[in-house]
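Asks: heads up, no residue letters with this:
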C-alpha cells in the first residue's frame, strides 16, 4: 500500500495566466480537493457528519514551488498525514508532474493544518478528530504512533 493518498488532476486553461503558468492559488485549491476526495473515498461517514454540524477549519496552509507547470500537465497530488492531535490534523502535499513517458518530477510541496469544530458559526468549540477519520488516516501516517487515536 502507498504511504500517500493520491488525487490526479489535469491542469485546465482557467487555472493558468496569460503566460500559461498555473496561478498559485490553484495549488491551495488542489489541497482542499485532495482532502475532500480522501473523505469521499475513505471516510464517507465523516461527510455526513460535516453536513450535520462538524466543521473543518483550515488554520494554516503553505506551498513551496520548485518548477512551473502549465495547461494540460497531469499532476499527482499526494497527501500524507504528518501529525494528529486531539482536535487537529496536519498534512503534507507533494505535487508531482507525470510525464507521458512515465517519468515524474516534484514541482511543489505544501502543508496544511486543519482543526475540527462543532456548533453554530457564532459559537464553535473544538471537537476531537472523528474516529472513522483517524482509522482511515492510519495507513497514511509516517509511522505508527502510540496514542494517535482521537
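Replies: Nice, I can see it. Quantities reported herein were computed from a predicted structural model and do not represent experimental measurements. Residues are numbered from 1 along each chain as shown.

Asks: Quick check: buried residues in the longest strand seen in the chain?
Replies: When the chain is parsed with DSSP state E, its longest strand is strand 104-118. Buried residues in strand 104-118, counted by 16 or more other Cβ atoms under 10 Å: 107-110, 112-117. Bear in mind the C-beta positions are built from the backbone N, C-alpha and C, glycine included.

Asks: now the angle between strand 104-118 and the strand or helix carrying residue 90, please.
Replies: Using DSSP states H and E, residue 90 sits in strand 88-98. With axes from the mean of the first three to the mean of the last three Cα atoms, to 10 degrees applied, the angle from strand 88-98 to strand 104-118 works out at 160 degrees.

Asks: Quick one: mean pLDDT for strand 88-98?
Replies: For strand 88-98, mean pLDDT rounds to 97.

Asks: ditto for stretch 65-80
Replies: The average pLDDT within stretch 65-80 is 96.

Asks: can you give me the end-to-end distance of that stretch?
Replies: Separation of the first and last residues of stretch 65-80 by Cα to Cα, to the nearest Å is 18 Å.

Asks: got it, and stretch 80-94?
Replies: With Cα to Cα, one end of stretch 80-94 sits 9 Å from the other.

Asks: what's the offset of the top helix by length along the chain from the middle of its chain?
Replies: If you go by DSSP state H, the chain has its longest helix at helix 24-42. Offset of helix 24-42 from its chain centre (Cα atoms, centre = their mean, to the nearest Å): 5 Å.

Asks: Can you name every helix or strand that that helix contacts?
Replies: strand 5-10, helix 44-52, strand 54-65, strand 74-84, strand 88-98, strand 104-118, helix 131-137 (3 or more Cβ pairs under 8 Å, 6 or more residues apart in numbering; DSSP states H and E).
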